[in-house]
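Trainee: need a 3D model of the sequence below.
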Amino acid sequence: MSAGVAVAGPAEVQVPAVESGMQMGRRVLGVVLPPYRHCLPHQPPPPLSVLLSSPSLFLPSNPSVPPNLTPTTLLTHHASTTPDKWSESPSSSSLSTSQALNEQANLKFTHGLHKEAIQLYSKAISLAPQVAKYYSNRGAAWLTSGAAKECVQDCRRAIGLDPKYKRAHIRLSQALCVQGQYAAAVHAISMASSAMPEDNELSAEREAMVEVQGRVAEAMRAVQDRHPSTALALLGDLLNARSPPCVLTCAAHAHAQAGRLDQALSLGRRVLQHHDISDTGALLLCAQALYLKADWDQSLKHLRQLLKLSPDDSTASAAFKKIRRVQSLVESASSAMFRREFEAAVEGFTAALDQDPELKEDPVASSQAHKPLSALIYSERATALLRLKRYEECLGDARVALLFQSECRSAHLARASALLALERFEEAEKYLKALLDWQPEDKMWQQKMQKAQFEVRKRKRPDYYAVFGVPKLASAMEVKAAYKQRAMEWHPDKHDSDELKERAEEQFKLLGEGLEILSSEMKRSLYDEGYDKEAIEERYQAAQRASREDPKRNSKCGGGGCC
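Mentor: Next up is the predicted model:
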């Protein structure tokens with residue numbers, strides 16, 4: 001069984017139709033088209049009687065096949081409608097040579113040399129074209145090489161030669177799965193299982209195919225309902241090197257809805273590069289992801305390619321015009337920011353949001369796909385509002401930007417700066433501490449944190465001028481005189497009650513600290529700059545150590561005598 005096809009699940013799963021990659025892409029822009037069908041069953045598998053009367057279901061389209069062909073006449077008819085070399089019975093030497101070539105091909109296949117294996121299988125088929133096994137083996141090599149279409153053709157030829165060749169049936173269903181034709185895969189394996197009901201391997205393979213088909217359908221439905229995590233969980237191991245375009249597109253939309261635009265873009269490009277470069281659904285998805293990443297040029301490039309393939313596509317045309325307008329407004333606003341024309345910048349960013357209503361929807365309720373671009377525009381507008389000193393509006397925009405994208409650095413910076421400007425220092429300190437826990441090496445946040453801590457400590461320090469009852473311009477003599485007066489007033493020995501005595505001791509101690517700081521020129525200068533007692537003491541001691549280590553720094557005389 002193919003990679004990514006799990007053997008589990010009920011055998012009878014009926015799932016409703018869901019949207020295709022292109023249609024899901026158009027839903028992003030508000031357009032709903034008819035449902036996606038080729039991944040879902042059109043009808044239940046036919047009964048055994050229909051199977052036996054319709055062996056052409058196993059063969060490539062052939063208008064010459066009689067409608068009443070039965071398995072008993074299949075080989076006869078096949079011989080009569082194929083080139084002469086097919087109707088000729090190979091000689092014993094040809095059979096022997098073909099068997100040897102098949103064994104050599106098997107060995108090449110085992111060693112991963114699939115191209116060489118295909119060449120050897122083809123030689124074996126040319127010698128013995130009636131041997132079903134050779135076609136099935138070559139089909140396996142095609143499938144492993146990524147050529148699922150060729151595998152389907154070879155498996156159908158093998159089944160045409162031997163309708164009960166089990167390996168060919170299994171490989172056919174696997175190849176159809178790889179192509180994303182889950183309904184056809186289930187149909188093919190169901191017919192084989194009906195023809196050989198006693199074969200447990202075919203029954204298990206059918207159950208696995210039905211289970212895979214159901215998971216893909218449920219994942220597509222989850223994407224339609226805006227449940228990206230559910231969709232990705234359902235796809236799970238189906239996302240591998242052989243995933244069909246419909247699975248890749250579904251996963252890409254889920255990642256886009258979750259705001260993981262890089263993953264969405266990678267899957268969309270994989271569809272274009274490895275499956276179909278003209279896949280309009282993948283082109284639209286990539287354009288939308290690039291737009292949300294603000295990569296305007298590449299987004300428009302993808303839309304131009306889509307419109308070249310489908311000039312009348314109204315969805316792509318509308319998307320192209322919208323992206324051009326948003327790009328122009330955002331770039332104009334950014335230029336205004338650079339010129340320090342902040343009012344014009346605010347107007348430009350606001351106009352850009354107005355161009356795409358989904359960009360300004362409630363960030364909790366809106367599609368997660370728009371988070372990055374919305375965060376960019378809101379954070380830039382918050383920065384412009386900060387420069388205009390409209391701090392409360394700045395906080396509002398920064399909050400919205402962070403709801404759209406929690407790691408938006410410019411929004412974090414704008415919010416922290418606005419909190420400091422509003423003198424909400426305790427709140428700013430707490431906020432910046434959380435940011436530094438997340439990114440401790442960020443220099444800008446470290447500077448903001450130092451300022452917040454400085455202001456918090458400054459607010460908590462005592463006002464020594466108020467304690468002494470003197471103005472900030474008071475001289476040292478005035479400070480000492482005020483100290484003597486206050487010390488006499490608050491001396492603990494002059495208070496009898498325990499409560500008053502305790503308060504007096506606190507005030508008396510505070511007077512001593514104030515005198516020590518205000519009577520020292522260096523300490524008073526540091527105090528006036530906003531430092532608290534601990535910070536003043538640290539800097540004073542550092543200055544004293546520096547003076548002792550280099551006595552000449554404070555001397556008016558150099559080593560060669562007095563100046």
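
Trainee: is R340 in a helix, a strand, or coil?
Mentor: Under DSSP: H, G, I helix; E, B strand; the rest coil, R340 falls in the coil class.

Trainee: could you find the closest non-adjacent residue to it?
Mentor: Leaving aside its chain neighbours, R340 sits nearest to R387 (7.5 Å; criterion: Cβ to Cβ, 6 or more residues apart in numbering). From N, CA and C alone the C-beta is placed, and that goes for glycine too.

Trainee: burial check on that neighbour, number of neighbours?
Mentor: Using other Cβ atoms under 10 Å, R387 has 16 neighbouring residues.

Trainee: quick check, pLDDT for it.
Mentor: pLDDT recorded at R387 is 96.

Trainee: that one reaches F342, doesn't it?
Mentor: Yes. Taking Cβ atoms under 8 Å as the definition, R387 is a contact partner of F342 at 4.5 Å.

Trainee: what's the overlap in contacts for those two?
Mentor: Common contact partners of R387 and F342 (Cβ atoms under 8 Å, 6 or more residues apart in numbering): none.

Trainee: against A287, how distant is the residue nearest to R340?
Mentor: Using Cβ to Cβ, to the nearest Å, R387 is found at 34 Å from A287.

Trainee: do L373 as well
Mentor: As judged by Cβ to Cβ, L373 and A287 stand 13 Å apart.

Trainee: these two: who's more crowded?
Mentor: A287 (26 against 23).

Trainee: and the helix or strand harbouring that one, what does it pack against?
Mentor: A287 belongs to helix 280-292 when assigned by DSSP states H and E. Of the remaining helices and strands, those touching helix 280-292 by 3 or more Cβ pairs under 8 Å, 6 or more residues apart in numbering; DSSP states H and E are helix 21-28, helix 245-257, helix 261-274, helix 296-309, helix 314-338, helix 371-387.

Trainee: could you redo these as CSV and give each row distance to W438?
Mentor: Shown next, in CSV, are the helices and strands packed on helix 280-292 (distance: least, Cβ to Cβ, whole Å):
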stretch, distance to W438
helix 21-28, 31
helix 245-257, 24
helix 261-274, 21
helix 296-309, 30
helix 314-338, 26
helix 371-387, 16
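
Trainee: pick the most buried one from those.
Mentor: Comparing the helices and strands packed on helix 280-292 by mean neighbour count (mean count of other Cβ atoms under 10 Å), helix 245-257 ranks first with a mean of 28.

Trainee: so which elements touch it?
Mentor: Judged by 3+ Cβ pairs under 8 Å, 6+ apart, helix 245-257 is in contact with helix 21-28, helix 200-224, helix 228-235, helix 261-274, helix 280-292.

Trainee: could you dump the ones you listed to CSV with mean pLDDT and distance to G469?
Mentor: Shown next, in CSV, are the helices and strands packed on helix 245-257 (pLDDT from 0 to 100; distance: least, Cβ to Cβ, whole Å):
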stretch, mean pLDDT, distance to G469
helix 21-28, 40, 70
helix 200-224, 92, 73
helix 228-235, 92, 66
helix 261-274, 91, 64
helix 280-292, 91, 63
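
Trainee: the ones you listed into CSV, with extra columns for distance to K115?
Mentor: Output for these, formatted as CSV (distance: least, Cβ to Cβ, whole Å):
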stretch, distance to K115
helix 21-28, 31
helix 200-224, 28
helix 228-235, 31
helix 261-274, 18
helix 280-292, 28
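
Trainee: and R424, which of those is closest to it?
Mentor: When the helices and strands packed on helix 245-257 are compared by Cβ to Cβ, helix 280-292 sits nearest R424, at 33.2 Å.

Trainee: and the closest residue to L265 other than its chain neighbours, what does it touch?
Mentor: In space, and not counting its chain neighbours, L265 is closest to A289: 4.5 Å by Cβ to Cβ, 6+ apart. Remark: with contacts taken as Cβ under 8 Å, 6+ apart, A289 is in contact with 252, 256, 261, 264-265, 268.

Trainee: ok, so of the residues you listed, who is nearest G180?
Mentor: For those, the nearest to G180 is A252 (13.9 Å; Cβ to Cβ).

Trainee: can you pull the contacts of the closest one?
Mentor: Neighbour list for A252: 21, 263-265, 267-268, 271, 282, 285, 289 [criterion: Cβ under 8 Å, 6+ apart].

Trainee: change it to 7 Å
Mentor: 264, 267-268, 285 (Cβ atoms under 7 Å, 6 or more residues apart in numbering).

Trainee: between those residues, which is nearest K430?
Mentor: Nearest to K430 among these is A264, at 35.6 Å by Cβ to Cβ.

Trainee: isn't that closest one right next to Q257, touching?
Mentor: No. Applying Cβ atoms under 7 Å as the test, A264 and Q257 come out as separate, 8.5 Å apart.

Trainee: in stretch 237-246, which residues are buried?
Mentor: Within stretch 237-246, the residues that count as buried by 16 or more other Cβ atoms under 10 Å are 238, 242-246.
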